[in-house]
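Enquirer: sequence first, then the predicted structure, then my questions.
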Amino acid sequence: MNKAIIVDSLDNVATTITNLEAGSTVTFKFGLKKKVKLKQSIPFGHKFALKKIKKGEKIIKYAEMIGRATQSIEEGEHVHIHNVESMRGRGDIA
């Protein structure tokens, strides 16, 4: 059963389609086979990092930039408002 979605090889996050517990492993067969062990529980519809994402790096979901990391995020960690700054719909940046 699929537990998370990746749409494009550019994505550095995956979106869960079920609640996932910390310590569980998610396997993807998108291009090269990849396994990610979750460091935290990830609620349905939330994202987790597919690789280490450095502070300031773009968060890519569905081949689109959805924000920037406000801190370093380790592979398997929850990616959400506590560690991402949205870059969409902002009038204060060009």
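Expert: Perfect, thanks for sending it.
Enquirer: gap between the two ends of stretch 26-39?
Expert: Between the opening and closing residues of stretch 26-39 there is a gap of 11 Å (Cα to Cα, to the nearest Å).
Enquirer: kindly report the same for stretch 38-49.
Expert: With Cα to Cα, one end of stretch 38-49 sits 9 Å from the other.
Enquirer: show me how far it is from its chain's centre.
Expert: Distance of stretch 38-49 from its chain centroid, counting by Cα atoms, centre = their mean, to the nearest Å, is 8 Å.
Enquirer: quick one: mean pLDDT for that stretch?
Expert: In this model, stretch 38-49 carries a mean pLDDT of 97.
Enquirer: what residues are up against residue 20?
Expert: With Cβ atoms under 8 Å, 6 or more residues apart in numbering as the criterion, the residues that contact residue 20 are 3, 4, 26, 38, 41, 42, 48. Just so you know, the C-beta spots here come from the backbone N, C-alpha and C atoms, and that holds for glycine as well.
Enquirer: ok, residues contacting stretch 51-66?
Expert: Applying Cβ under 8 Å, 6+ apart, the external contacts of stretch 51-66 come out as 7-8, 10-13, 15, 47, 67-75, 79, 84, 86-88.
Enquirer: now the helices: where do they sit in the chain?
Expert: Using DSSP state H, the chain contains no helices.
Enquirer: which residue, other than its chain neighbours, is closest to the residue nearest the centre of it?
Expert: The centroid of the chain falls nearest to residue 13 when counting by Cα atoms, centre = their mean (2.4 Å). Once flanking residues are discounted, residue 13 sits nearest to residue 47: 4.2 Å by Cβ to Cβ, 6 or more residues apart in numbering.
Enquirer: isn't the one you found right up against residue 78?
Expert: Yes - proximity of residue 47 to residue 78 meets the contact threshold set by Cβ atoms under 8 Å, at 7.5 Å.
Enquirer: burial measure for residue 16, as a count.
Expert: If you count neighbours by other Cβ atoms under 10 Å, residue 16 ends up with 21.
Enquirer: for it, what are its contacts?
Expert: Contact analysis of residue 16 by Cβ under 8 Å, 6+ apart lists 3, 4, 42, 43, 44, 45, 46, 47, 48.
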